[in-house]
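J.: missing the sequence, but the structure's below:
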């Protein structure tokens, strides 16, 4: 979907926009289901990158201490608990610039993925930059989806991160897709970006070929000690508009209501679901930030007449559509 198309939709009255996104949602997701995902930080803090929103960067005094990679037995306990609580996707994140074939930590991650994949849930990882060989090994080990957000527009990105480029993000996404993994790719609202930046971010995401299988929409949770610690929250109606646009731009994706849910009332979350969200991160913690309690989430889902989505372990990146453009390359 082009910027011009997204902008035309964005300018619609809110209810008109939601009416359109709801129609597309029901055409592609007729069952009243929500995907329940658990996110675990398997290696916290000490990251060399300078992402301005991230408390895990070693460059900021955020109070988050650097930790070693968790022991596999501890990760397995958390994965099993996630499955028992109803999660159908287990996501593992590590605060690294990236992983490299032949290193001890990469071999450890592959070993962990193999065991987690035996639990019957979808397995998602976010490990930073990937090359082609690393992507293939992760796929072979049992990863079903690779998370790599683009965060914001190409134009705004250098104001948020300087230690890697927007094109670096696109390269990793291409490597993961070429290896047969589905892509989980979204962004963050509240980074000081304009509406134009938000629409350009969605333009890039929708232009991927194949499109992402899930699109997380995060609202910035300002972390003490980071450069964005004093930023204000995102207006609820703006969040709903972006979710509706994400549903229209990537109709077959799961649109995930991600970071920032603690700041939303149940009524606001219900409006997000109606506009097109059908996935949440579920559990006590989202990397270094709080997340709504499990029981509260289940109660809300039940009250809305929804049910958890079953896991899809056969999830693979769909074949590229030759009628669609390839991913954008920045010159």
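T.: Looks like it arrived, so ask away. Fair warning: this is a prediction, and the values are worked out from it, not measured in the lab.
J.: show me what whatever helix or strand residue 255 lives in is packed up against.
T.: For residue 255, the host element (DSSP states H and E) is strand 254-257. Packed against strand 254-257 by the contact rule (3 or more C-beta pairs under 8 Å, 6 or more residues apart in numbering; DSSP states H and E) you find strand 33-43, strand 214-219, helix 236-249, helix 266-275, strand 279-281. Every C-beta, even on glycine, is put in place using the N, C-alpha and C of the backbone.
J.: and for it, what's in contact with it?
T.: Applying C-beta atoms under 8 Å, 6 or more residues apart in numbering, the contact partners of strand 254-257 are 35, 37, 184, 186, 213-217, 243, 246-247, 269, 272-273, 276-281.
J.: which entries within those meet the buried criterion?
T.: The neighbour-count test (16 or more other C-beta atoms under 10 Å) marks 35, 37, 184, 186, 213-217, 243, 246-247, 269, 272-273, 276-281 as buried among those.
J.: just the helices from the stretch 1-150 of the chain, written as ranges.
T.: Using DSSP state H, counting those that start in this stretch, the helices found in the stretch 1-150 of the chain span residues 3-10, 14-28, 72-84, 104-116, 132-141.
J.: now the most centrally placed residue in the chain: how far from residue 167?
T.: The chain has residue 216 as the residue nearest its centroid, 3.8 Å off, counting by C-alpha atoms, centre = their mean. When C-beta to C-beta, to the nearest Å is applied, the distance between residue 216 and residue 167 equals 21 Å.
J.: re earlier: can you lay out the helices of the stretch 1-150 of the chain as JSON lines showing mean pLDDT and distance to residue 262?
T.: Formatted as JSON lines, the helices of the stretch 1-150 of the chain follow (pLDDT from 0 to 100; distance: least, C-beta to C-beta, whole Å):
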{"stretch": "helix 3-10", "mean pLDDT": "97", "distance to residue 262": "26"}
{"stretch": "helix 14-28", "mean pLDDT": "97", "distance to residue 262": "23"}
{"stretch": "helix 72-84", "mean pLDDT": "91", "distance to residue 262": "19"}
{"stretch": "helix 104-116", "mean pLDDT": "94", "distance to residue 262": "26"}
{"stretch": "helix 132-141", "mean pLDDT": "96", "distance to residue 262": "31"}
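J.: show me the contacts for residue 203.
T.: Contacts for residue 203 (C-beta under 8 Å, 6+ apart) come out as 1-3, 6, 249.
J.: report the buried members of those residues.
T.: 1, 6, 249.
J.: turn the residues you listed into CSV, including distance to residue 113.
T.: What follows is the buried ones among the contacts of residue 203, written out as CSV (distance: C-beta to C-beta, whole Å):
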residue, distance to residue 113
1, 33
6, 35
249, 30
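J.: and residue 144, how many neighbours does it have?
T.: A count of nearby residues for residue 144, using other C-beta atoms under 10 Å, gives 27.
J.: ok, so of the buried ones among the contacts of residue 203, who is nearest residue 90?
T.: Checking the buried ones among the contacts of residue 203 against residue 90 with C-beta to C-beta, the nearest one is residue 249 at 27.0 Å.
J.: distance check, that closest one against residue 50.
T.: Taking C-beta to C-beta, one finds residue 249 at 29 Å from residue 50.
J.: what does residue 309 give?
T.: Counting by C-beta to C-beta, the gap from residue 309 to residue 50 is 36 Å.
J.: who's more crowded, these two?
T.: Between residue 309 and residue 50, counted using other C-beta under 10 Å, the more crowded position is residue 309 (20 against 17).
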